[in-house]
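S.K.: Let me see the structure of the following:
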Amino acid sequence: MTGSSVFSDRDRHSAAGLLVRCLENEGVRVVFGLPGEENIHLTFALARSGIRYILTRHEQAASFMAEMYGRVTGAAGVVSATLGPGAINLQLGVADAMTNSTPLVALSAQVGHNRNYKEAHQFVDLVNMFAPITKWSASVPSARAIPEMLRRAFKTAETERPGAVYLAVPEDVDAAPAAAELQPLPRYVVRAEAPSPGQIARAAALLHNARHPIVLAGHGAARNAAATSLTAFAGSLGLPVATTFHGKGVIADDLINSMGSIGFMRRDYTNFGFDAADLIIAIGYELQEFDSARINPQRDKKIIHVHRFPAEVDAHYSIDLGIIGDISESLDALSTAVSDRFRGPAPTRCREMVQAELDRGRADGRYPLAPQRIVADTRAALGRDDVVLVDTGALKMWMARLYPTYAPNTCLIPNGLSAMGFALPGALAVALAEPDVKVLAAVGDGSFLMHSQEIETAVREAIPLTVLIWEDNGYGLIEWKMDLTLGEHDATAFGNPDIVRYAESFGATGYRIADAEELLPTLRTALDDPGVSIIACPVDYSENLRLTARLGQLDAAL
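M.R.: Got it, this is the predicted structure:
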């Protein structure tokens, strides 16, 4: 149910009803989850609220849905589960959200206070289990604590650096009455401070003295809506810009100073752009996105860190200057401070090489399909503001390197924990959060079957879903790394079901690509369909080793 609350007097005077009113107060529109016996009162209170409850087929999938909902909205996604095994199943998505700096609030049931001090059926210490993978983990002791704890949970999850929060709601609290005077607390948002003028002046001096400065834009720039200021800053000074996988789209890839993404497992075109750099302006970059040794191996480059919070300590990310504050304000101030040093157009060789590789792929008619062809056709099928979620696997490397991206959060590649299986359930959440854009889940066949049961969720809930499976009957990325490291591979091959019949068994539409020319029209047909479409596309991953061989032969002087 969505719309206005229709609470009964029982709901209004219950702890579960109070918790739901607190969720509504936080602006929550959707809760993903799977109920249990110990949180039936919360489940019924949600059913009588204005919040839409998406019943999923697995708690882990629900946690990925909540994570991706939080990723694209900036507001904490909410997931709910029962106690014990249900709560434990949430942990992968919770950890993924934490390492991806994504706001998420996880709620689960717990045994009542009459059983939590001894060995009891389905009891494990969930608060301590969640503590290492959240910003805050706690148990709700009573109905009276709900308004304060829910407000703290959302404030903690959404405040920079955002992340995950876990709250356990004991069974007796779920069933408890709540005093009439208990009400949700007012919501407020913590605003970033303006940057220090002294730090701006020092950063301007570093830029004036640099011969080859380069910008590295990360996830923080995307989630703090700094794309406009970043583009203006880099453009006015003629600075080349590389993004992390998380940061894709924070500068449009068709701008002259865009260098593409960095983070591929071997030296790629963009890496060479950092070789000659003497100053890195890292904007919203966070260490978990990729190893800073890849851009500063000799520890000899000066680094300006621009973010909402101080940098982590790392030998290869030793900060010469930190600008802490609102990222857009910081970039605008820095652009003004060095406006007299216009450099002219930034080097474009890296971008041109990426484009040339993509163009060759677009014309490649082999079958099974070349990875470059799949990337090119995916880009052609989607509009500039449409969204693709790219799962972990060999396809992530190809999409991250080659997929042109023009706006933040339109190519979603979580690269903190890099959990497999997020893209299919995550696409459901993105479709709910952004109903006016087309959404595609790009997955390997290894990831697909991890959460393919959520096809039923999409069909039942009438959520548009298109899934493109890069099919190679194996764990392609592991095979690639084994071949590079050991010269051979083992324990990576598996079989697949008939994807067309499998999709149809859920009430979805299934497609199998039998020729390279079929992919683009099939993608367009599926994306225009308001229902659920699953596309199996065989991929020729022999191109993997050919790519790394070509990159190994590149002349470093780009």
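S.K.: tell me which residues in stretch 355-366 are buried?
M.R.: Buried residues in stretch 355-366, defined by neighbour count with 16 or more other CB atoms under 10 Å: 355, 357-358, 361-362, 364. The C-beta positions use only the backbone N, C-alpha and C, and glycine is treated the same way.
S.K.: Poorly predicted segments of the stretch 451-558 of the chain, please.
M.R.: For the stretch 451-558 of the chain, the stretches flagged by pLDDT under 70 are 554-558.
S.K.: where along it do the strands fall?
M.R.: 465-471, 509-512, 532-538 (DSSP state E, counting those that start in this stretch).
S.K.: Could you pull up phi and psi at the residue nearest to Pro85 when sequence neighbours are not counted?
M.R.: Excluding the flanking residues, the one nearest Pro85 by CB to CB, 6 or more residues apart in numbering is Gln122, at 7.5 Å. When read as degrees, to the nearest 10, the backbone of Gln122 gives phi 60, psi 20.
S.K.: most packed of the strands of the stretch 451-558 of the chain?
M.R.: strand 465-471 (a mean of 28; mean count of other CB atoms under 10 Å).
S.K.: any residues touching it, and which ones?
M.R.: By CB atoms under 8 Å, 6 or more residues apart in numbering, the list of residues contacting strand 465-471 from outside reads 371, 374, 378, 393-395, 424, 427-428, 431, 438-445, 448, 455, 458, 476, 496, 499, 508, 523, 526-527, 529, 532-539.
S.K.: do the same with stretch 121-131
M.R.: With CB under 8 Å, 6+ apart as the contact definition, stretch 121-131 has outside contacts at 83-85, 87-88, 91, 94, 106, 108, 110-111, 115-116, 137-139, 166, 168.
S.K.: Whichever of these count as buried, I'd like them selected in PyMOL; how would that read?
M.R.: Only the buried entries of these go into this PyMOL selection, using 16+ other CB under 10 Å:
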select buried, resi 83+84+87+88+91+94+106+108+110+111+115+116+137+138+139+166+168
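S.K.: what helix or strand is Val31 on?
M.R.: Secondary structure from DSSP states H and E places Val31 in strand 30-34.
S.K.: Listing partners with orientation, what would you give for that strand?
M.R.: Using DSSP bridges, strand 30-34 pairs in its sheet with strand 52-55 (parallel), strand 77-81 (parallel).
S.K.: Alpha carbons only: can I get the next helix or strand after the shortest one in CSV?
M.R.: This means strand 52-55. Next helix or strand after strand 52-55 toward the C-terminus (DSSP H and E): helix 59-73. In CSV, the C-alpha atoms belonging to helix 59-73 read as follows (Å, rounded to 0.1, in the frame of the first residue of the first chain):
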residue,chain,number,x,y,z
GLU,A,59,17.0,-11.0,2.7
GLN,A,60,20.4,-10.6,1.0
ALA,A,61,18.6,-9.4,-2.2
ALA,A,62,16.5,-7.0,0.0
SER,A,63,19.7,-5.5,1.4
PHE,A,64,21.1,-4.9,-2.0
MET,A,65,17.8,-3.2,-3.0
ALA,A,66,18.0,-0.9,0.0
GLU,A,67,21.6,-0.1,-0.8
MET,A,68,21.0,0.9,-4.4
TYR,A,69,17.9,2.8,-3.4
GLY,A,70,20.1,4.8,-1.0
ARG,A,71,22.8,5.2,-3.7
VAL,A,72,20.6,6.9,-6.2
THR,A,73,18.4,8.9,-3.8
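S.K.: now for helix 59-73, which elements pack on it?
M.R.: Applying 3 or more CB pairs under 8 Å, 6 or more residues apart in numbering; DSSP states H and E, we find helix 59-73 packed against strand 30-34, strand 77-81, helix 85-89, helix 91-99, strand 104-110, strand 411-412, helix 423-433.
S.K.: Next, the angle helix 423-433 makes with it.
M.R.: Angle of helix 59-73 versus helix 423-433, following axes from the mean of the first three to the mean of the last three CA atoms, to 10 degrees, is 50 degrees.
S.K.: Write a ChimeraX command that selects only the buried members of the contacts of strand 465-471.
M.R.: Buried residues among the contacts of strand 465-471 (16+ other CB under 10 Å), as a ChimeraX selection:
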select :371,374,378,393,394,395,424,427,428,431,438,439,440,441,442,443,444,445,448,455,458,476,496,499,508,523,526,527,532,533,534,535,536,537,538,539
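S.K.: Out of the contacts of strand 465-471, which sit inside helices?
M.R.: Of the contacts of strand 465-471, the ones assigned to helices by DSSP state H are 371, 374, 378, 394-395, 424, 427-428, 431, 445, 448, 455, 458, 476, 499, 523, 526-527.
S.K.: quick one: the strands in the stretch 251-400 of the chain?
M.R.: Per DSSP E, counting those that start in this stretch, the stretch 251-400 of the chain has strands spanning 258-261, 279-283, 302-307, 321-324, 387-390. These are given in chain order.
S.K.: in its sheet, what does the third one sit against?
M.R.: Its sheet considered, strand 302-307 pairs with strand 279-283 (parallel), strand 321-324 (parallel) by DSSP bridges.
S.K.: looking at these, which is buried most?
M.R.: Buried most deeply of the strands paired with strand 302-307, by mean count of other CB under 10 Å, is strand 279-283, with a mean of 26.
S.K.: Now do it: distance to the chain's middle.
M.R.: Strand 279-283 has its C-alpha centroid displaced from the chain centroid by 23 Å (CA atoms, centre = their mean, to the nearest Å).
S.K.: what mean pLDDT does it have?
M.R.: Averaged across strand 279-283, the pLDDT comes to 96.
S.K.: CA atoms only for it, dumped as CSV, please.
M.R.: Extracted in CSV, the C-alpha atoms of strand 279-283 (Å, rounded to 0.1, in the frame of the first residue of the first chain):
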residue,chain,number,x,y,z
LEU,A,279,50.0,17.2,-8.7
ILE,A,280,46.8,15.2,-8.1
ILE,A,281,43.7,17.0,-7.2
ALA,A,282,41.6,14.2,-5.6
ILE,A,283,38.0,15.3,-5.5
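S.K.: Please report phi then psi for Pro197.
M.R.: Note on Pro197: backbone dihedrals following degrees, to the nearest 10 are phi -60, psi -30.
S.K.: before we move on, what about Ile146?
M.R.: Dihedral angles (degrees, to the nearest 10) for Ile146: phi -60, psi -50.
S.K.: What distance do you get for Asp468 to Val443?
M.R.: Careful, residue 468 is Leu; it's not Asp. 7 Å (CB to CB, to the nearest Å).
S.K.: got a list of contacts for stretch 245-255?
M.R.: 100, 217-219, 221-222, 226-227, 230-231, 234-235, 241, 243, 257-258, 260-261, 263, 284-286, 289-290, 351, 396, 400, 403-411, 413-416.
S.K.: change it to 7 Å
M.R.: 217-219, 221-222, 226-227, 230-231, 234, 241, 243, 258, 260-261, 263, 284, 289, 400, 404-411, 413, 415 (CB atoms under 7 Å, 6 or more residues apart in numbering).
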